[in-house]
Every structure is written in C-alpha cells, then in structure tokens.
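In: Output the structure for:
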Amino acid sequence: MGMERVRGNSVIRKLSGVCLMAVALASCEQKLSATLYLRDIQQMMTSNQHVETPVDIKIDILETGMENQCDRPSGREIVDLVGSYFEKAMLLGCEKIAGSMNGRTSIKVTTRLSFTEQAGAPAKYLLEFQAGPRPNEVSDPLFIRFDPDKYADLQAKVKRLNAMTSIKLSEARIALTINNDLREDAPLTIYSGAYVDGQPMEFQQNRILKPREETLIEFGDVKSAFLGQYGWGYILGWKHENQQSQSN
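Out: Predicted structure coming up:
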C-alpha cells in the first residue's frame, strides 16, 4: 500500500474506511476475537426450537493513520456502515502503536449465536455462530457461518471506494475463546486446522474443559480460507454422554 500513502491523507482516510468496512476481511492487518460461553452453546444444543443470544466481536485494525479515526467525522460513518452487516457496531477507541508506523482502531460489533437444525442454515449477519443438536452423530457441533451474498455486497461497496482494493478472508486472524461457565466438565472435540492455546493442531483433539476454564481456538490459514470459500467452518463438537463414557 506504499503507492497509496504518498497520495496524501485523504487517500489514507479512504483506505482506512475500506479496512474497517471489510470487518476483518480485507488486506489490512486485522484480528477478529470473540468469547463464546458454554452455557449459551448448551442452550442451543438442548433446544428444539429457534433461540438465539447476542455475541460481541472485537475487531482490531492496524494500518497507517488508524489512530486518527476517532477524531474524524468519518469515524461515525464507518461504524454505521460496519453495523449495517451486524446487529450493531460501536467504536471502542483508537491509539498509536509505540515503535510502529501503524495505528490501531478497535470496534465492537454484535452478532448472534443461534439454534439451527442443520449445517448451512442461512445467516442473518455477515458473520455469526450457530449450534444445534445432532442426535445421530457423536457430538453436537458449534460452527461459524459466513454469508457470501452479504460478502459480495460488501465487495461492491469497497470497489466503489477504491477499485484497487481486494478482500481476502484468508488474511484475517480469527481468535475464539471458549469459556466453561457451567458447574460441570464439558467433553469437547476441537476440530483440526486451528491453533489451540497457541499450539498448532493437525488432528482433532478431545478435550475436557473444566468449570471456569477457558481455551483459545485460533483459525489457521487453511481453515480461514475454507470459511471464506464455503461460508462455514466447524469450531468444536460437544460430545454426547454415551460417547464420553465409551471413550473413558
């Protein structure tokens, strides 16, 4: 993006807006992070009807000039555009990163965790989480959904801002913290293609998450690319009680 920087602050503002609206999907260095609670996930997996609960996602965007977004009128417009792809969005703050040319802008968007009876159910928002019971399988899945139609609409808006800008979901860093806020152990299967508590995982892993314990799941490049291409990706499975006893 060196060519754009020499064109002046107005272009930097435009590119910063593109990065924010892309919601961790653009070519800027960005991180998308959220915490999912097992009590909420359990509610989806034991339900026989549609229920949903809000989930907050924090998006950190690192780019030249990003620390100035909070002081500009365009900042509110950018947040409103981001919010149009979610339930709502809020600007958290901006700061200059010490020892770097980059600044950081942080925003919070609210999406949902919803009940679904089958994988691939339509997504209400650009990015959301879904879970539901699978009595004929070894575990009940939690997965992330990505809406390609909303993504195409986002791409069109980005192109109108700057025809040279491309969007690559595979460059986003997705980090999900799973928190066991229940009073019992949770037998989980964490699927391959991710980093678990900072360690790369090639094969799926069975994990007993103790009460008040957390685990961090970060998507690897292949898992992120799969999400971008196919619109969904498995995060974990909650093993059925009979399967847990058999594995013991």
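In: May I have the beta-bridge partners of the closest residue to residue 45 other than its chain neighbours?
Out: Nearest non-adjacent residue to residue 45, counting by C-beta to C-beta, 6 or more residues apart in numbering: residue 140, 4.2 Å away. Every C-beta, even on glycine, is put in place using the N, C-alpha and C of the backbone. Beta-bridge partners for residue 140, by DSSP bridges, are residue 238.
In: so who does residue 140 touch?
Out: Contact partners of residue 140, counting by C-beta atoms under 8 Å, 6 or more residues apart in numbering, are 45, 131, 132, 133, 134, 237, 238, 240.
In: Tell me the secondary structure at the fifth one.
Out: This means residue 134. With DSSP: H, G, I helix; E, B strand; the rest coil as the basis, residue 134 sits in coil.
In: Who are the contact partners of it?
Out: 140, 141.
In: again, 6 Å this time
Out: Neighbour list for residue 134: residue 140 [criterion: C-beta atoms under 6 Å, 6 or more residues apart in numbering].
In: so which helix or strand takes in residue 81?
Out: Per DSSP states H and E: residue 81 is located in helix 74-83.
In: my bad, should have said residue 228
Out: Assigning secondary structure by DSSP H and E places residue 228 in helix 221-230.
In: now swap in residue 150 and tell me
Out: Per DSSP H and E: residue 150 is located in helix 148-161.
In: Show the average pLDDT along that helix.
Out: The average of the pLDDT scores along helix 148-161 is 71.
In: For the residue nearest to residue 45, give its distance to residue 201.
Out: 20 Å (C-beta to C-beta, to the nearest Å).
In: This structure: strands as residue ranges?
Out: Counting by DSSP state E, the chain has strands at residues 29-37, 52-63, 88-96, 103-115, 127-131, 139-146, 173-179, 186-190, 194-196, 199-201, 205-209, 214-219, 232-239.
In: what packs against the third one?
Out: What that stands for is strand 88-96. Here strand 88-96 touches helix 74-83, strand 103-115, going by 3 or more C-beta pairs under 6 Å, 6 or more residues apart in numbering; DSSP states H and E.
In: tell me the most buried of the ones you listed?
Out: Across the helices and strands packed on strand 88-96, averaging neighbours per residue (mean count of other C-beta atoms under 10 Å) puts strand 103-115 on top, at a mean of 21.
In: So what touches that one?
Out: Residues contacting strand 103-115 (C-beta under 6 Å, 6+ apart): 40, 44, 47, 50-62, 66-67, 69, 86-97, 125, 127-130, 132.
In: what do you get for stretch 141-150?
Out: Here stretch 141-150 makes contact (C-beta under 6 Å, 6+ apart) with 41, 85, 123, 126-131, 227, 231-237.
In: pLDDT weak spots in the chain?
Out: The model of the chain has pLDDT under 70 over residues 1-29, 66, 69, 74-75, 77-78, 119-120, 154-155, 157-172, 241-248.
In: again, only using 50
Out: In the predicted model of the chain, residues 1-27, 162, 164-167, 169-170, 243, 245-248 satisfy pLDDT under 50.
In: if we can go back for a sec, need the strands of the chain in CSV (columns: distance to residue 76).
Out: Shown next, in CSV, are these (distance: least, C-beta to C-beta, whole Å):
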stretch, distance to residue 76
strand 29-37, 20
strand 52-63, 16
strand 88-96, 8
strand 103-115, 11
strand 127-131, 22
strand 139-146, 26
strand 173-179, 26
strand 186-190, 39
strand 194-196, 35
strand 199-201, 40
strand 205-209, 40
strand 214-219, 30
strand 232-239, 32
